[in-house]
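Colleague: With the sequence up front, the predicted model follows.
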Amino acid sequence: MTTDMTALLSIQDLQVAFRMGRGQMAEAVGRGGQGVSFDVPENTTVALVGESGSGKSVTAMSVLNLLPDNAERRGRILWRGQDLLQAGLRDLQALRGKEIACVFQDPMSSLNPVFTVGQQLCEPLRKHMGLAKAQAWTRAEALLAEVGIPEPRRRLASYPHEMSGGQQQRVMIAMALACEPKLLIADEPTTALDVTIQRQIIELLAKLKQQHRMSVLFISHDLGLVGEIADQVVVMRHGQVREQGPVARIFAAPEDAYTKALLACRPSLEGNPRRLMVIDDHMAAQAGATGGRPTTAPRRPRTPMPPWCWRSSRSPRASGCARACSASVNSRPCRTSIFSSGAATRWAWWASRARARRPWA
């Protein structure tokens, strides 16, 4: 990504693979030898967008090496000229939370359930900022007030499970901003929240970004959200960068076929289509593989079922359901509405045994 602004973070030809045993490697980022490259300028929001499994989170977590032990990284990750791939554990720990902070998807799994909110907020303040206990406690209260949590002094003594999901995410944001980092990595911070709370969290992040003049690496699959909050967009698919550039240009005139399909898949409020189009449909139509008509996946043949069996034939338990229905004596209705397929089969067997014990039947 070329820009006139100074790059705070520069990822160059990044490739990430995971050792799977027996000498096998699973490529996650940079598949086929095409590494991921993009820059995060100062005071700018860069959004990584793409489907689930496209490598967005792995790319972002590679910056601070928050990956499993079986991960192997190649390329360069330059933070103010320092290659983080060559940095040791002590150097990375000095960066984590102080200069580069993270906000993760699920705050309940990120917060420690056995420590109070105040204890978890004071830890980075005392470790990185060198504040005394009383000073850290006062600063923690101010942080909770800054992110919009009511009664911040009382909430310092609360445990994570005593707060709502939106409040937990606000606590995570307060922890990330405690040491005033230069870069905030937000890994889908609104995924586990309802729509109203999502809007509040996004507005809070935008306000805090301007106040603290920090850069944000925002990871999301919500294109509408990206269009509102991001300055630059990096589109990823299958561990590769398909397109990148200013958000206005990407949304107005996308160049890559995948980017066009990703934008076209947004549901419209107008009309009532029989089936929502998926990415493969739009890409096939663009390629002209079917004369400009979108293709659909071949349908599997429906399993014949009695008319009273309401379970869909596409269910993985449908075949057992059909066998149970056909084997059922007296043509009784299918019981898979309350039983699994195995239980339905046992029901049919029991009914057959019961019939055999009735000589008058």
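Modeller: Received, thanks.
Colleague: Compute the number of surrounding residues for the residue nearest to residue 79 when sequence neighbours are not counted.
Modeller: If you skip the residues right next to it in sequence, residue 79 has residue 9 as its closest partner in space, 5.7 Å away by C-beta to C-beta, 6 or more residues apart in numbering. For the C-beta atoms, the positions are set from N, CA and C on the backbone; glycine is no exception. The local packing count at residue 9 equals 22, with neighbours defined by other C-beta atoms under 10 Å.
Colleague: which other helices and strands contact whichever strand or helix holds residue 9?
Modeller: Residue 9 is located in strand 7-21, with elements delineated by DSSP states H and E. Contacts of strand 7-21 with other secondary structure elements, assessed using 3 or more C-beta pairs under 8 Å, 6 or more residues apart in numbering; DSSP states H and E, are made with strand 24-29, strand 36-41, helix 56-61, strand 71-79, strand 215-220.
Colleague: most neighbours per residue, which of these?
Modeller: For those, the largest average neighbour count (mean count of other C-beta atoms under 10 Å) is found in strand 215-220, namely a mean of 24.
Colleague: now for that one, which elements pack on it?
Modeller: Identification of packing neighbours for strand 215-220 by 3+ C-beta pairs under 8 Å, 6+ apart yields strand 7-21, strand 36-41, strand 45-49, helix 56-61, strand 183-187, helix 223-229.
Colleague: gap between the longest one and the chain center?
Modeller: A distance of 18 Å separates the C-alpha centroid of strand 7-21 from that of its chain, computed with C-alpha atoms, centre = their mean, to the nearest Å.
Colleague: How about residues contacting that strand?
Modeller: Contacts to strand 7-21, defined as C-beta atoms under 8 Å, 6 or more residues apart in numbering, come from residues 25-30, 33, 35-42, 55, 58-59, 62-63, 67-68, 70-80, 182-183, 215, 217, 239.
Colleague: Walking through the protein, point out its helices one by one.
Modeller: If DSSP state H is used as the criterion, the helices of the chain fall at 56-61, 89-95, 107-110, 117-128, 133-146, 152-155, 165-176, 195-212, 223-229, 247-252, 257-264, 279-287, 318-327, 341-356.
Colleague: Where does pLDDT dip in the stretch 1-150 of the chain?
Modeller: 1-5 (pLDDT under 70).
Colleague: how about 50 then?
Modeller: Low-confidence regions of the stretch 1-150 of the chain, defined by pLDDT under 50, span residues 1-4.
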